[in-house]
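# Quick one: sequence and predicted model below, then my questions.
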Amino acid sequence: MSLHSLGPLLFGASGWFLVKFLFEPLKEIWDLRTEAQQLLILYGNLHPQDAESVREKAAEGFVDVGARLVARHLAAWPWVTVFYERVLRQDPYSAGEACVGLGKLIPSGFSNPNIPSIGGYGHTIRTTLRLPTPRETKKFARVMQEWNSQASDKPESEF
């Protein structure tokens, strides 16, 4: 085998190694970060008056994402953990713990005034994953207001 044919082989192997052992674990955590953001947007304003099925779905979602964040962080290669903590300044482990804690709080938390609010857990999740706070634009507020007024005009049988 000549030196000219060995170069592309080494280049291809190093590219595969980089993708498999660095970018793939980073992408998995990044995808979980996105799921946590979606859950916070969907269930961030959960109320005791919300249906039990909605609270159960929220609880299951937060526990699932939290457990996967913690597991991914614990199973990650050391350089992935260092990259996330030192370069990106994110803490998937703490965010996962907060998601699991929030998920366990939701079914029973409304009846106990001593348990921290969803907002406290949400703040921890947003801070440790460095998630942006969703902002409400005028257009978004107008669209939601129109949707709510249309929904209130329909009889319940249409839902």
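That came through, no problem. Residues are numbered from 1 along each chain as shown.

# what about the residue lying closest to residue 22 once chain neighbours are set aside, how many neighbours?
Closest residue to residue 22 apart from its sequence neighbours, by CB to CB, 6 or more residues apart in numbering: residue 80 at 6.6 Å. Using the backbone N, CA and C atoms, a C-beta is placed for each residue, glycine as well. Residue 80 has 21 neighbours, counted by other CB atoms under 10 Å.

# Help me confirm that residue 80 comes into contact with residue 28.
No - counting by CB atoms under 8 Å, residue 80 does not reach residue 28; the two are 9.4 Å apart.

# From the contact counts, what lies against the helix or strand encompassing the residue nearest to residue 22?
Element membership for residue 80, per DSSP states H and E: helix 78-82. If you count contacts as 3 or more CB pairs under 8 Å, 6 or more residues apart in numbering; DSSP states H and E, helix 78-82 packs onto helix 24-43.

# what's the helix it packs on in contact with?
Here helix 24-43 makes contact (CB atoms under 8 Å, 6 or more residues apart in numbering) with 54, 58, 61-62, 65, 68-69, 72-73, 76-77, 80, 83-84, 90, 92, 95, 99, 106, 118, 122, 125-126, 129, 131, 134.

# For stretch 6-25, list the C-alpha coordinates in CSV.
Only the C-alpha atoms of stretch 6-25 are listed here, as CSV (Å, rounded to 0.1, in the frame of the first residue of the first chain):
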residue,chain,number,x,y,z
LEU,A,6,-2.9,5.6,3.1
GLY,A,7,-3.7,9.4,3.5
PRO,A,8,-7.3,9.2,2.4
LEU,A,9,-7.9,6.1,4.6
LEU,A,10,-6.5,7.9,7.7
PHE,A,11,-8.5,11.0,6.8
GLY,A,12,-11.7,9.0,6.5
ALA,A,13,-11.1,7.1,9.7
SER,A,14,-10.4,10.3,11.6
GLY,A,15,-13.6,11.9,10.2
TRP,A,16,-15.6,8.9,11.3
PHE,A,17,-14.1,9.0,14.7
LEU,A,18,-14.8,12.6,15.1
VAL,A,19,-18.5,12.2,14.1
LYS,A,20,-19.1,9.1,16.1
PHE,A,21,-17.4,10.0,19.3
LEU,A,22,-17.9,13.8,19.5
PHE,A,23,-20.6,15.1,17.3
GLU,A,24,-23.1,12.3,17.8
PRO,A,25,-23.2,12.5,21.6
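
# So what's the model's average confidence on that stretch?
Per-residue pLDDT over stretch 6-25 has a mean of 78.

# in that stretch, what counts as buried?
In terms of neighbour count (16 or more other CB atoms under 10 Å), stretch 6-25 has its buried residues at residue 25.
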